[in-house]
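[1] Sequence and predicted structure are below.
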Amino acid sequence: MIQEQVVPEAMRWSTENCTISRTMEILGEKWMFHVLREVFVGVRRFEDIRARAEIPRQVLTDRLAALIDRGLLRREPYRVAGQRERYEYRLTQAGLDLYPVLVALVQWGDQYLQQDDGPPIVPEHRGDCGAKISVVLRCAAGHEPSPREVALRPGPGAQLRTAEKLA
């Protein structure tokens, strides 16, 4: 049986201004999430981040600068008595908005990269509740579709691929 080639609709659209690509330009390097993980769990000082994440000094310096430049972290000065002024690194709103991404990575890793002795970190609701936190897909109407029920469609910023790229 001869089957006609079906070209996916997505092939018509350019990926030159892709949101995922732009995001991964910032976060796609492994140390970025290591640094963010530390700040998310309350480790905010350079030497503490370096020691806990076991990240080389220059790599940490570069990643912190990039996260500040991209608006995910801000520096807050502090001074220990008798020492020079230093900085803590705090999440901006853009950085805080990455928290569900971090929780989704934890959730995926715990499901597919399980360790015999259980997960090393567990996201929980602070305060009196203490229930485990999970990330779910939810549409504006309140439904929780499975990934196969979600379509990534061209948005207002989508651009058609040029003729030479369609060939």
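    Great, that's in hand.

[2] Can you list the low-confidence ranges for the protein?
    Scanning the chain for pLDDT under 70 picks out 164-167.

[3] if I look at the most centrally placed residue in it, how far off is Pro147?
    Against the mean C-alpha coordinate of the chain, by CA atoms, centre = their mean, the closest residue is Val101 at 4.6 Å. Applying CB to CB, to the nearest Å, the value for Val101 to Pro147 is 16 Å. (Glycine included, C-beta is placed from N, CA and C.)

[4] For the protein, just list every one of the strands.
    Here the chain has its strands, by DSSP state E, at 73-79, 85-91.

[5] how many other residues sit next to Gly118?
    The tally of other residues near Gly118 (other CB atoms under 10 Å) stands at 8.

[6] let me redo that: Leu60
    19.

[7] Would you confirm that it contacts Phe46?
    Yes - using CB atoms under 8 Å, Leu60 makes contact with Phe46 at a distance of 6.8 Å.

[8] related to what we said a few turns ago, if you compare the strands of the chain, which one is most tucked away?
    Compared across the strands of the chain, strand 85-91 shows the largest average neighbour count, a mean of 15 (mean count of other CB atoms under 10 Å).

[9] Would you mind getting the angle between that one and strand 73-79?
    150 degrees (axes from the mean of the first three to the mean of the last three CA atoms, to 10 degrees).

[10] helices and strands around strand 85-91, which ones?
    Here strand 85-91 touches helix 30-40, helix 46-53, helix 57-69, strand 73-79, going by 3 or more CB pairs under 8 Å, 6 or more residues apart in numbering; DSSP states H and E.

[11] Dump that strand to CSV, keeping only the CA atoms.
    C-alpha atoms of strand 85-91 as CSV (Å, rounded to 0.1, in the frame of the first residue of the first chain):
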residue,chain,number,x,y,z
GLU,A,85,30.3,44.5,52.0
ARG,A,86,29.2,41.4,50.1
TYR,A,87,26.0,40.4,48.3
GLU,A,88,23.2,37.9,48.6
TYR,A,89,21.3,36.8,45.5
ARG,A,90,17.5,37.1,45.6
LEU,A,91,14.9,36.0,43.1
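
[12] now the angle from it to helix 57-69?
    Using the same axes, to 10 degrees: strand 85-91 against helix 57-69 is 60 degrees.

[13] Show me what strand 85-91 is in contact with.
    With contact meaning CB atoms under 8 Å, 6 or more residues apart in numbering, strand 85-91 is reached by 39-40, 44-46, 49, 64, 67-68, 72-80.
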